[in-house]
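Asker: sequence below, structure please.
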Amino acid sequence: MNRVDHFVEALAGFRLPNVFNPYTDACPEHDRDGSPAIRRNNLTAVLAGALELGTETIWFGRDLGFRGGRRTGLALTDEAHLGLVRSTYRAMPIEQATTTGPVAERTAREIWRMVDQLPQPPFLWNVFPFHPHEPDDAMSNRCHTTQEARACEGIIVTLLDWLKPTRVIALGKEAHKTLTRLGRTSIYVRHPSYGGQVEFASCIRAIYGLPTSTGSA
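Answerer: Take a look at the predicted model:
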């Protein structure tokens, strides 16, 4: 087993209350047969693509959402952008793991709108790489707890030491706080959710030296 497979299998072994692990859990409402394996394969393909292309930058979000990464197994990525993921990572075998039509997520739309403008894609990750939800509502989003975050700190350290990015971007306060607690330097950028789209796009353009007229948020 190579290091990518070992990393993904280790993720699949995490079990926490009121947390959906897309690499081992199956959603009774939306998933098809073998969905966790499909999501593991999606992440394996993207990681392999990132290693092949080289990773200069990692963008860290907060946690997976029920319309995005819960379904795809990919941070900051919804099903509506799986085609763009394939082309970005050199036609890697990315598949939809659910039975319904592709579901779009606003955050993923803003993220990939900017990623698509970059000469080299960042690796996208979350400081909490699973989907935390309310106890009585699996199709809800909540912020992960400090205890949950600490349980996953080793995953962050492994990725940073492994990919060795020259620049780390924290999308939002939770991501920035976690990286700072780990002693890692990151550039704070407003998260594109909750009305932060314009500020997020402006910050990314400034960091990467993109023309201010490129695209719209």
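Asker: now do the helices in this protein.
Answerer: Counting by DSSP state H, the segments of the chain that form helices are 3-12, 35-53, 69-72, 82-88, 106-115, 146-151, 153-163, 173-181, 197-208.
Asker: so what touches the first one?
Answerer: It refers to helix 3-12. 1, 21, 23-24, 36, 40, 43-44, 47-48, 51, 129, 155, 158, 162 (CB atoms under 8 Å, 6 or more residues apart in numbering). For the C-beta atoms, the positions are set from N, CA and C on the backbone; glycine is no exception.
Asker: where does the chain have low pLDDT?
Answerer: 1, 91, 213-217 (pLDDT under 70).
Asker: work out which residue lies at the spatial centre of it.
Answerer: Residue closest to the average C-alpha location in the chain (CA atoms, centre = their mean): Ala75, at 1.4 Å.
Asker: that residue contacts Phe128, doesn't it?
Answerer: No. Between Ala75 and Phe128 there is no contact under CB atoms under 8 Å: 10.0 Å.
Asker: overlap of the contact sets of those two?
Answerer: Joint contacts of Ala75 and Phe128 (CB under 8 Å, 6+ apart) are Leu64.
Asker: touching, Gln117 and Pro211? I think so.
Answerer: No. Gln117 lies out of contact with Pro211 (CB under 8 Å); the separation is 9.3 Å.
Asker: who has more neighbours, these two?
Answerer: Gln117 (15 against 8; other CB atoms under 10 Å).
Asker: Thr99: which of the helices of the chain is closest?
Answerer: helix 35-53 (8.9 Å; CB to CB).
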